[in-house]
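I would like to see how this sequence folds:
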Amino acid sequence: MARSDTFLDLVRAVDSDDDATAFYQLLLPDDDRPHGYLSFSTVEKMPWTKDFQVQHEIPRSVRVVDASNGQDTTSACNRAFAQLIEKAIESKAFHVLSKPLQEDYKILGAKYPRVQLRRSAAGLFGIASRGAHMTAFVRTDEGMKIWVSRRSEHIFTYPGMLDTTVAGGVKAEQSPFECIVQEAEEEASLPKDYIRTHVRASGVITYVSKRGEKKSGVDSGLMAPDCIYVYDIELPTTMIPKPNDDEAQGFYLWDLDKIKVAMLNREFKPNCASVMIDFFIRHGIVTDENEPDYIEIMSHLHRPLPVPTSPSSTS
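All right, here's what the predicted structure looks like:
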């Protein structure tokens with residue numbers, strides 16, 4: 001029998017209530033704000049190099065290369081992370097490092113610009129990751145319909161599950177907007193010029209998830225603060241998304257009721273269900289009048305993150 005839940009169940013499945021004190025803090029040079037959180041298992045298995053000082057007593061913390069190690073703090077940090085991650089890959093201590101994701105993610109809120117580390121290792125260090133999702137919709141005589149994609153069966157994470165129209169991780173050197181323009185062409189064969197002209201930035205959802213479920217393809221017990229930039233675009237009926245790489249196996253134009261059923265049966269990748277619920281809220285499909293858990297759902301979609309998101313912010 002198909003599993004049926006509520007929208008609140010779906011957003012709770014993505015936004016967890018983990019106690020940050022149960023993790024080691026990741027600190028950057030000359031900055032006492034935690035920029036990430038490492039599990040006890042990660043700290044134990046990580047083949048630490050001399051650039052990292054691990055403190056096991058309270059307050060628990062992991063300190064990253066000190067500014068005195070070089071004149072250029074950004075370069076020193078990036079070099080320290082790169083060397084440590086390469087050593088971890090060689091030791092085969094973490095399943096997640098076998099992911100074919102070689103680009104870098106930047107560390108949000110770092111005082112020094114361009115501090116970054118390899119994307120596949122971001123979850124191990126519990127840094128805030130940036131993603132971008134675009135929901136493409138069409139207005140028809142029967143009402144609004146949305147283009148939904150299905151992930152390839154051989155993809156590393158959540159194979160075969162439903163997804164937003166276009167989505168991708170934002171690389172260190174990218175803006176979320178440029179990420180969407182690129183992914184729209186690469187994943188869905190949508191022309192860049194049309195996307196640049198018609199896509200609309202529609203905010204950001206934030207949550208803190210606990211990763212490690214079977215289909216996620218990552219190691220268990222990891223804290224994952226996430227920022228998902230959301231974009232909307234209305235497509236003409238003549239513009240049909242088509243797979244252009246091996247990320248998606250197909251696209252389906254579904255009405256709202258069919259999408260709701262699929263979400264409540266957990267057929268969507270978990271954070272994509274949250275993105276779709278946010279779309280429903282912004283377009284007046286889910287309101288306080290028809291959703292008894294409206295306020296709590298909103299709080300899970302816009303969670304204060306336990307890490308800084310700008311050089312001057314506090315976590």
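
In the record's domain split, what are the boundaries for the protein?
Domain segmentation of the chain under automatic domain parsing yields 7-16+128-301, 21-125.

per-residue confidence averaged over the last one?
The average pLDDT within domain 21-125 is 86.

Next: stretch 207-220.
On average, the pLDDT along stretch 207-220 is 64.

closest one to residue 314 among the domains of the chain?
domain 21-125 (6.5 Å; CB to CB). Bear in mind the C-beta positions are built from the backbone N, C-alpha and C, glycine included.

Determine how far that closest one lies from the middle of the whole chain.
Averaging C-alpha positions (CA atoms, centre = their mean, to the nearest Å) puts domain 21-125 18 Å from its chain's average.

Tell me how far residue 85 lies from residue 78.
11 Å (CB to CB, to the nearest Å).

which neighbours do those two share?
residue 117 (CB atoms under 8 Å, 6 or more residues apart in numbering).

In the stretch 201-315 of the chain, where is pLDDT below threshold?
211-220, 315 (pLDDT under 70).

for it, what spans make up the strands?
Here the stretch 201-315 of the chain has its strands, by DSSP state E, counting those that start in this stretch, at 222-234, 248-255.

and among these, the most buried is which?
Mean neighbour counts were compared across the strands of the stretch 201-315 of the chain using mean count of other CB atoms under 10 Å; the top stretch is strand 222-234, at a mean of 22.

List the strands paired with that strand, with their directions.
Note on strand 222-234: by DSSP bridges, its sheet partners are strand 129-140 (parallel), strand 200-211 (antiparallel).

Can I get it in PDB? Just the C-alpha atoms.
The C-alpha coordinates for strand 222-234 follow below in PDB (Å, rounded to 0.1, in the frame of the first residue of the first chain):
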ATOM      1  CA  LEU A 222      25.900  14.100   9.000                       C
ATOM      2  CA  MET A 223      24.500  17.500   9.700                       C
ATOM      3  CA  ALA A 224      23.700  19.400   6.400                       C
ATOM      4  CA  PRO A 225      22.700  23.100   6.500                       C
ATOM      5  CA  ASP A 226      21.300  23.900   3.100                       C
ATOM      6  CA  CYS A 227      20.300  27.100   1.200                       C
ATOM      7  CA  ILE A 228      18.100  26.400  -1.800                       C
ATOM      8  CA  TYR A 229      17.600  29.400  -4.200                       C
ATOM      9  CA  VAL A 230      14.200  28.900  -5.900                       C
ATOM     10  CA  TYR A 231      13.300  30.100  -9.400                       C
ATOM     11  CA  ASP A 232      10.000  30.100 -11.300                       C
ATOM     12  CA  ILE A 233       9.500  30.200 -15.000                       C
ATOM     13  CA  GLU A 234       6.400  30.000 -17.200                       C
END
